[in-house]
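K.L.:
Quick one, fold the following:
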Amino acid sequence: MLSLPNSKILRLSKPSEQDLHNIAAYTSRNWGNTQKKIYINKIMNDLEILCQMPSLGYARDELSSGLRAYMIEQHIVYYRESKTQIIVIRILHEKMDSEQHLSQLK
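P.N.:
You can find the predicted model right below:
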């Protein structure tokens, strides 16, 4: 979990932790460790921004009520907002079938 002043706490679900692991492994394999660090840092920095401004994401109620999405480079962060937290549900590549990967939320 991560918390900054005047921001919500960031909580990653187990599937989103696995998504980050997979993104890191893929990036490292295809573009090297330096690029992996740059990209994962970009994702984490943008998640910190999202914790400060949760309304940056857009509603995806057609996938699941209360679900929001936020683009980071070629990945889409699917999350929910509570009074104190941003709960990241999944981090999927834009070409992935989000309906299939989020079907358990309906």
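
K.L.:
Now do the helices in this protein.
P.N.:
14-31, 33-52, 98-101 (DSSP state H).

K.L.:
Distance-wise, check the residue lying closest to Gln35 once chain neighbours are set aside relative to Tyr39.
P.N.:
Excluding the flanking residues, the one nearest Gln35 by C-beta to C-beta, 6 or more residues apart in numbering is Thr27, at 5.8 Å. (C-beta placed from N, C-alpha, C; glycine too.) Thr27 sits 5 Å away from Tyr39, going by C-beta to C-beta, to the nearest Å.

K.L.:
And Ser55, by the same measure?
P.N.:
Ser55 is 25 Å from Tyr39, by C-beta to C-beta.

K.L.:
Could you do Gln52 as well?
P.N.:
From Gln52 to Tyr39 the distance is 21 Å (C-beta to C-beta).

K.L.:
More neighbours: the two, which one.
P.N.:
More crowded of Gln52 and Tyr39, by other C-beta atoms under 10 Å: Tyr39, with 20 against 13.

K.L.:
The more buried one: what's it in contact with?
P.N.:
Contacts for Tyr39 were tallied using C-beta atoms under 8 Å, 6 or more residues apart in numbering; they are Ile23, Ala24, Thr27, Glu73.

K.L.:
Enumerate the beta-bridge partners assigned to Val88.
P.N.:
Beta bridges link Val88 to Leu12, Tyr79 when assigned by DSSP bridges.

K.L.:
Looks like it contacts Lys8 (just checking).
P.N.:
No - using C-beta atoms under 8 Å, Val88 is not in contact with Lys8; the gap is 11.4 Å.

K.L.:
Which residue comes closest to Ile49 once chain neighbours are left out?
P.N.:
Closest to Ile49 by C-beta to C-beta, 6+ apart is Leu56, at 7.1 Å.
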